[in-house]
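S.K.: Got a sequence here, can you build the structure:
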Amino acid sequence: MTSSSPRAPAPQHAPQPLRPLRRLTARGREESHRVSSPLELFFDLCFVVAIAQAGVELVHAVAAGHAGEGVLNYAMVFFAIWWAWMNFTWFASAYDNDDALYRVVTLVQIAGVLVLAAGVSRAFADHDFALVLIGYVIMRLALASQWLRAAREATGAERTMALRYAGGVLLCQVGWIGLVVLPAPARAWVFLVMAIAELCVPLYAEKDHSTSWHPHHIAERFGLFTIIVLGETIAAATVAVKSAVAEHDALGELLPIAAGGLLIVFSAWWIYFVVPIHGHLRSNRQSFLWGYGHYLVFASAASIGAGIEVAVEEAVGKAHISTTAASAAVTVPTAVYLLTVWALHSRYFKVGLAQQLVLPVTALLVVCCTFLGDWAVPAAGLVSALAVATGTTLTARAAGQERPAETTTATP
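M.R.: Numbers count the residues shown, from 1 in each chain. Below you'll find the predicted structure:
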């Protein structure tokens, strides 16, 4: 080719280089093929570090006979983790432009949760929430900056909504200071008041204009985080069994607990993902209730792993609690998980009384397993697995009955 030859034209659909900084504007709710980004997955994995720390401290508190205090501290720490995660998830579903500044601010939020995780042990042992609060404030200030950036590009009702979010988030941080300046007996009340205030911010911010969150993307994000939490539960339980076998050579006592715990986690996964929930998320009223309810879904799923660790420690004589109390550490969060998943989305896809009763009855039977002594955890696992088998059978039977009816209707 000579130097005077014409240059071949560029392909019409060649990808264009993206600028490092782009306008942070709302994305469309009807986007096709909307999936979680690598940054969001990285965000989730870092948050699970904090959940794992909270679970470890919950195990220590329950095994030492301080279940009430441990559960309260766990509830407060887990709220901070879950609420920061959920706020980011909802914001990202509507405004993620994946430019350099967006990524940096997201990494700041990740740094905040790592600071929070570093303070979990001190919060449980010494009731010192200073480091937890610092980590939470880092995450929330970063989120507020994202909302201010979105407000800069928005107009009208959308701009008002973004400013309400930013103002509400910043105002709540002032109230959380009470966790470190007020005496210990008042902290539970500070937490309750401020948790309610935080939950009210989205309701107030979006009362005139809704964010353009993507139903399929939101459902996928919550589902992926559920998988990660259940995976952390399996990992924690595996480490507990491995350590107990190495130190006490009690494989015979631990195998039933390990098998029961595995059945519970497998069943928890199956029950959550058996229905496609994104079609149900059509309005803020439905989605807020569903999203807020996931505090119990995530917290109970993570607690199952902590409960299995407690049951293992009790089996080898390391826990200073009764067998019934150790069993309850597994069965109670399992029952809460089953009931919450049923209430949030499973019940919307159940046809007939028999299908509707499967999960509530299973939750009741799992609680009853608490009093079976050393066989409580394996029994709870079998009950959970039977619930999956029963639900699958009832669904298949209902589908089989519908097909002949459809054929008869279609026949001229």
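
S.K.: So which residues of this protein form helices?
M.R.: With DSSP state H, the ranges of helices along the chain come out as 38-63, 67-95, 100-118, 120-126, 130-153, 156-176, 178-181, 184-205, 215-248, 251-273, 284-315, 323-344, 352-368, 376-410.

S.K.: Out of those, which is closest to residue 20?
M.R.: Across the helices of the chain, residue 20 has its closest neighbour in helix 100-118 (4.1 Å, C-beta to C-beta). Where you see a C-beta, it was placed from the backbone N, CA and C, and this is true even at glycine.

S.K.: who's in contact with the residue nearest to residue 303 when sequence neighbours are not counted?
M.R.: Closest residue to residue 303 apart from its sequence neighbours, by C-beta to C-beta, 6 or more residues apart in numbering: residue 333 at 3.7 Å. By C-beta atoms under 8 Å, 6 or more residues apart in numbering, the contact list for residue 333 reads 299, 300, 301, 303, 304, 306, 307.

S.K.: Can you tell me which of these are buried?
M.R.: For the contacts of residue 333, a burial check counting by 16 or more other C-beta atoms under 10 Å picks out 299, 300, 301, 303, 304, 306, 307.

S.K.: Now stretch 189-208 - C-alpha only, CSV.
M.R.: The C-alpha coordinates for stretch 189-208 follow below in CSV (Å, rounded to 0.1, in the frame of the first residue of the first chain):
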residue,chain,number,x,y,z
TRP,A,189,-32.4,3.5,72.7
VAL,A,190,-30.1,5.7,70.6
PHE,A,191,-29.7,2.8,68.2
LEU,A,192,-33.5,2.3,68.0
VAL,A,193,-34.3,5.9,67.4
MET,A,194,-31.5,6.4,64.8
ALA,A,195,-32.3,3.2,63.0
ILE,A,196,-35.9,4.4,62.5
ALA,A,197,-34.6,7.8,61.4
GLU,A,198,-32.3,6.1,58.8
LEU,A,199,-35.1,4.0,57.5
CYS,A,200,-37.3,7.1,57.1
VAL,A,201,-34.8,8.9,54.9
PRO,A,202,-35.6,7.0,51.6
LEU,A,203,-39.4,7.3,52.3
TYR,A,204,-39.1,11.0,52.7
ALA,A,205,-36.6,11.6,49.9
GLU,A,206,-38.7,9.6,47.3
LYS,A,207,-42.2,10.8,48.3
ASP,A,208,-42.4,13.0,45.2
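
S.K.: Run through who's touching that stretch.
M.R.: For stretch 189-208, contacts defined as C-beta under 8 Å, 6+ apart pick out 76, 79, 83, 87, 90, 157, 160-162, 164-165, 168-169, 172, 175-176, 178-179, 182, 284, 288, 292.

S.K.: I only care about these that end up buried; give me the PyMOL line for that.
M.R.: One line in PyMOL is enough to select the buried members of the contacts of stretch 189-208, burial here meaning 16+ other C-beta under 10 Å:
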select buried, resi 76+79+83+87+90+160+161+162+164+165+168+169+172+176+178+179+284+288+292
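
S.K.: got the contact list for stretch 370-379?
M.R.: 253, 256-257, 259-261, 263-264, 308, 311, 315, 323-324, 327-328, 330-332, 369.

S.K.: now for the chain, which residue lies nearest the mean position of the chain?
M.R.: In the chain, the centroid-proximal residue (C-alpha atoms, centre = their mean) is residue 298; its distance is 3.9 Å.

S.K.: pLDDT score assigned to residue 402?
M.R.: Looking at residue 402, its pLDDT reads 62.

S.K.: and if you look at residue 409?
M.R.: On the pLDDT scale, residue 409 is placed at 44.

S.K.: now the contacts of residue 333 in TSV, with pLDDT?
M.R.: Formatted as TSV, the contacts of residue 333 follow (pLDDT from 0 to 100):
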residue	pLDDT
299	94
300	95
301	94
303	93
304	94
306	91
307	92
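
S.K.: so which of those residues comes closest to residue 352?
M.R.: residue 300 (26.7 Å).

S.K.: Any figure for the gap between the closest one and residue 342?
M.R.: With the distance defined as C-beta to C-beta, to the nearest Å, residue 300 ends up 12 Å from residue 342.

S.K.: Mind listing what's buried along stretch 237-246?
M.R.: Buried positions in stretch 237-246, judged by neighbour count with 16+ other C-beta under 10 Å: 237, 240, 241, 244, 245.

S.K.: coming back round to it: assess the claim that the residue nearest to the centre of the chain and residue 227 are in contact.
M.R.: No. Between residue 298 and residue 227 there is no contact under C-beta atoms under 8 Å: 11.3 Å.

S.K.: Pull the number of nearby residues for residue 74.
M.R.: Here the number of neighbours of residue 74 (other C-beta atoms under 10 Å) works out to 24.

S.K.: how deep is the residue nearest to it when sequence neighbours are not counted tucked in, by neighbour count?
M.R.: Leaving out its chain neighbours, the residue that sits closest to residue 74 by C-beta to C-beta, 6+ apart is residue 58, at 4.6 Å. The tally of other residues near residue 58 (other C-beta under 10 Å) stands at 28.

S.K.: List the contacts of residue 58.
M.R.: Applying C-beta under 8 Å, 6+ apart, the residues contacting residue 58 are 70, 71, 73, 74, 124, 303, 306.

S.K.: Closest one of the residues you listed to residue 386?
M.R.: Lowest distance from residue 386 to these (C-beta to C-beta) belongs to residue 303, with 22.1 Å.

S.K.: And that closest one, how far from residue 310?
M.R.: Residue 303 is 10 Å from residue 310, where distance means C-beta to C-beta.

S.K.: what residues do those two have in common as contacts?
M.R.: Taking C-beta under 8 Å, 6+ apart as the criterion, residue 303 and residue 310 both touch residue 329.

S.K.: tally of neighbours for the closest residue to residue 108 other than its chain neighbours?
M.R.: Excluding its sequence neighbours, the residue lying closest to residue 108 (C-beta to C-beta, 6+ apart) is residue 142, at 4.4 Å. By the criterion of other C-beta under 10 Å, residue 142 has 21 neighbours.
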